[in-house]
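[1] sequence plus predicted model, see below.
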Amino acid sequence: MGAIDQGTTSSRFIVFDRQGEIIALAQREHTQIYPQPGWVEHDPLEIWRNTEAVIGAALDKAGLTAADLACVGITNQRETTLIWDRSTGQPLANALVWQDTRVNDLVAELAREGGQDRLRAVTGLPLASYFSGLKLRWLLDHVEGARARAAAGDLLFGNVDAWLLWQLTGGPAGGLHLTDATNASRTQLMRLDTLAWDDDILALFDVPRAVLPAIRSSSEVYGEARTPVLAGVPVAGILGDQQAALFGQACFKPGEAKNTYGTGCFMLMNTGAEPVPSRHGLVTTVASQLGNGEVAYALEGSIAITGALVQWLRDNLGIIDSSADVERLAAGVADNGDVYFVPALSGLYAPYWQENARGVIAGLTRFAHKGHIARAALEATAYQTRDVIEAMEKDAGITVAELRVDGGMVANELLMQFQADMLGAPVVRPRVSETTALGAAYAAGLATGYWTSRDDLVANWHIDRRWQPRMGPSPRDALFARWRKAVARSLDWV
């Protein structure tokens, strides 16, 4: 089984066996492009070149060929927005990354006319720069000739999943222009109840229907790959990265939740067959749809900056040489020295949804040094996660008994222990931490009969490490109160 995992900072290809264990993995980073403050872009062609390269590298490592793979699934950074020429495959512009905030003025304009939640009942989402639909609108408005060509059917739009599927299945020579319901639910153009594009929102955003991909389920055979490195392999599963991690963590029952610690943090709770509207700053989203079967929904809390803050300490401040150094530096101090770091580097996402917030380091004294700043940066991830989990429990009326975790930051044991302390609940890391790619593999494998049911996937899930809370309620709540005070200082900065 193969899985393409196209993330915010890198592209990977992972080969799994029937037990969900990793056989081979290859990874390649791509360039982060920052044309001006608040703008974040990727080169779509670089992403595609890297994807082809890592597929070949992983197969070579394992001594396999395409013929050895039962099928392939795709998981991707969501909301990152691309438009390209149907005939040539050339992108008309760089991809606008989910972190990009250039549509803030559009968000404000639409919110003035009907409030930030004017589309929430239909889409499950507040108006925000985060989602794809307004990014597409910006591209159509600002790339010369794009709007007319899109209306004529000459251009194609998609999140990264649609771009990769189109390339894999032939590109200009008949490539499939499809997306799945999880990715479509992140555009703010799809109705949650029907899983179809909404004509009223298309008109509101001034987006022509001709540019949109067809919406399909998360687990079905879409077609065969035609790119040489995967020729003949069925492409049979697509899940946005956070929904893929929920699936890979085997969170199939209502109330089961996971948090992925990557560039940002993304917590999802399975809410079952009915969408649960949020009153506390979360979004309602599609968790998965298997074939023509029942749709599962989720509540999600998205945090923009977590692992990216560690990269910022490395690249912008230079206080660590590599991301792995942050744990050692943070462990060199007994506590945070009353320093709090609110990483609103591109606004605050859930549960605040404050586009105008900006980053703040609060509580500095002459006693504070780089160790305290490193610790405050790690603790910010745990505080933000508690913000989200409290909102989630209020919306769903369910107490999260344990939090399943995955992503690159779960190797940081200092952070994981502090996370358990902040939640007052166990934090559980699975044996296979590559749950995002695993979820995509699972979706594809179910569609092709490689796995027979979700019971097979539950049987594959095993605990690697469980962190129990050690901190008492009083110090926990005191720290969290100071965090909330720091957050208040970051709001309405712009």
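    Alright, I've got the coordinates.
[2] use CA for all of it now, contacts and neighbours both
    OK.
[3] W467 contacts V428, doesn't it?
    Yes. Contact criterion CA atoms under 8 Å: W467 and V428 qualify, at 6.5 Å.
[4] most distant residue from the centre of the chain?
    Outermost residue of the chain with respect to the C-alpha centroid, by CA atoms, centre = their mean, is R366; its distance is 38.0 Å.
[5] between W467 and V428, tell me which one has more neighbours.
    In terms of neighbours (other CA atoms under 10 Å), V428 is the more surrounded of W467 and V428; the figures are 22 against 18.
[6] doesn't that one belong to a strand?
    Yes. V428: assigned to a strand according to DSSP: H, G, I helix; E, B strand; the rest coil.
[7] what residues are up against it?
    Taking CA atoms under 8 Å, 6 or more residues apart in numbering, we find V428 in contact with 402-405, 463-467.
[8] in three-state terms, label the residue farthest from the centre of the chain for me.
    Three-state call for R366 (three-state DSSP): coil.
[9] scan the chain for its longest helix.
    Longest helix of the chain, by residue count under DSSP state H: helix 370-396.
[10] phi, psi for T285 please.
    When read as degrees, to the nearest 10, the backbone of T285 gives phi -140, psi 160.
[11] for it, grab the count of nearby residues.
    T285, neighbours per other CA under 10 Å, totals 28.
[12] just the one 5 residues further on next, same as before
    Residue neighbour count, defined by other CA under 10 Å, stands at 18 for L290.
[13] now do the contacts for it.
    L290 sits next to 217-220, 443, 447 when contact means CA under 8 Å, 6+ apart.
[14] then V276?
    Neighbours of V276 in contact, by CA under 8 Å, 6+ apart: 284, 297-299, 395-396.
[15] and if we set it to 10 Å?
    Applying CA atoms under 10 Å, 6 or more residues apart in numbering to V276 gives the contacts 124, 270, 283-285, 297-299, 395-396.
[16] closest one of these to V229?
    T285 (33.5 Å; CA to CA).
[17] my read is R466 is in a strand, agree?
    Yes. Per three-state DSSP, R466 lies within a strand segment.
[18] surely it and Q417 touch.
    Yes. In this structure, R466 is within contact of Q417 by CA atoms under 10 Å, at 9.3 Å.
[19] pLDDT on stretch 280-294, on average?
    In this model, stretch 280-294 carries a mean pLDDT of 90.
[20] buried stuff in it?
    Residues of stretch 280-294 classed as buried: 280-291 (neighbour count, 16 or more other CA atoms under 10 Å).
[21] ok so, going back, of the contacts of V428, closest to T385?
    Within the contacts of V428, proximity to T385 (CA to CA) peaks at L403, which comes in at 10.4 Å.
[22] now do the phi/psi pair for the closest one.
    Main-chain dihedrals, L403, degrees, to the nearest 10: phi -110, psi 120.
[23] just give me the neighbour total for it.
    22.
[24] and what of P208?
    18.
[25] so what sits against both of R466 and Q417?
    426-427.
[26] can I assume A304 is in contact with T101?
    No. A304 lies out of contact with T101 (CA under 10 Å); the separation is 11.4 Å.
[27] now do whichever strand or helix holds I74: distance to the chain's middle.
    Using DSSP states H and E, I74 falls within strand 72-76. Here the centre of strand 72-76 is set off from its chain's centre by 13 Å, with CA atoms, centre = their mean, to the nearest Å.
[28] same deal with stretch 68-76?
    Taking CA atoms, centre = their mean, one finds the center of stretch 68-76 at 19 Å from the center of the full chain.
[29] start the count at 221, not 1, going forward
    Renumbered: residue one is now 221, and that last one reads stretch 288-296.
[30] mind listing what's buried in that stretch?
    For stretch 288-296, by 16+ other CA under 10 Å, it's 289-296.
[31] could you do stretch 410-429 as well?
    410-412, 415-418, 421-422, 425-428.
[32] and stretch 387-401, by the same measure?
    For stretch 387-401, burial by neighbour count (16+ other CA under 10 Å) applies to 387-389, 391, 395-401.
[33] what mean pLDDT does it get?
    Mean predicted confidence for stretch 387-401 is 96.
[34] okay, how far is it across that stretch, tip to tip?
    Length of stretch 387-401, first residue to last, CA to CA, to the nearest Å: 20 Å.
[35] likewise for stretch 385-403?
    13 Å.
[36] again with stretch 706-714
    Start-to-end, stretch 706-714 (CA to CA) is 16 Å.
[37] not counting its own residues, what contacts that stretch?
    Around stretch 706-714, the neighbours that count as contacts under CA under 10 Å, 6+ apart are 559-564, 567-568, 572, 574-583, 604, 700-702.
[38] in helices, which of those residues appear?
    Among these, the ones falling in helices (DSSP H) are 604, 700-702.
[39] ok, T251 touching G227?
    No. Using CA under 10 Å as the test, T251 is too far from G227 to be in contact (12.0 Å).
[40] returning to that earlier point: so how do I select the buried members of the contacts of stretch 706-714 in PyMOL?
    With 16+ other CA under 10 Å as the criterion, this PyMOL line picks the buried residues out of these:
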select buried, resi 559+560+561+562+563+564+567+568+572+574+575+576+577+578+579+580+581+582+604+700+702
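[41] picking that back up, out of the contacts of V648, which are buried?
    622-625, 686-687.
[42] okay if I get the residues you listed as TSV plus pLDDT and distance to P474?
    Output for the buried ones among the contacts of V648, formatted as TSV (pLDDT from 0 to 100; distance: CA to CA, whole Å):
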residue	pLDDT	distance to P474
E622	89	13
L623	94	14
R624	94	14
V625	94	17
R686	96	21
W687	97	23
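[43] circling back to that earlier point, quick one: which of the contacts of V648 is nearest G283?
    When these are compared for distance to G283 (CA to CA), D684 wins out at 28.0 Å.
[44] leaving out the residues flanking it, which one is nearest to that closest one?
    Closest residue to D684 apart from its sequence neighbours, by CA to CA, 6 or more residues apart in numbering: R651 at 4.3 Å.
[45] the one you found - how many residues pack around it?
    That count, for R651 with other CA under 10 Å as the rule, works out to 16.
[46] same question for the one 5 residues further on.
    The number of residues packed near T656 is 31, by other CA under 10 Å.
[47] for it, what are phi and psi?
    T656 adopts backbone torsions of phi -70, psi -50, taken as degrees, to the nearest 10.
[48] quick check, it in contact with G240.
    No. Using CA under 10 Å, T656 is not in contact with G240; the gap is 11.9 Å.
[49] what's the pLDDT at the closest residue to V235 other than its chain neighbours?
    Using CA to CA, 6+ apart and skipping the chain neighbours, the partner closest in space to V235 is G222 (4.5 Å). In this prediction, G222 carries a pLDDT score of 95.
[50] correct me, but G222 touches E241?
    No. G222 lies out of contact with E241 (CA under 10 Å); the separation is 11.6 Å.
[51] overlap of the contact sets of those two?
    Counting by CA under 10 Å, 6+ apart, the residues touching both G222 and E241 are 234-235, 658.
[52] tell me the spacing between V431 and R367.
    Distance of V431 to R367, computed by CA to CA: 10 Å.
[53] can you check W532 too?
    Noted for W532: a distance of 36 Å to R367, by CA to CA.
[54] repeat that for Y517.
    Y517 is 33 Å from R367, by CA to CA.
[55] the more surrounded of these two?
    Ranked by neighbour count (other CA under 10 Å), Y517 and R367 place Y517 first, with 25 against 20.
[56] number of nearby residues for the closest residue to A667 other than its chain neighbours?
    In space, and not counting its chain neighbours, A667 is closest to E440: 4.9 Å by CA to CA, 6+ apart. By other CA under 10 Å, the residues close to E440 number 24.
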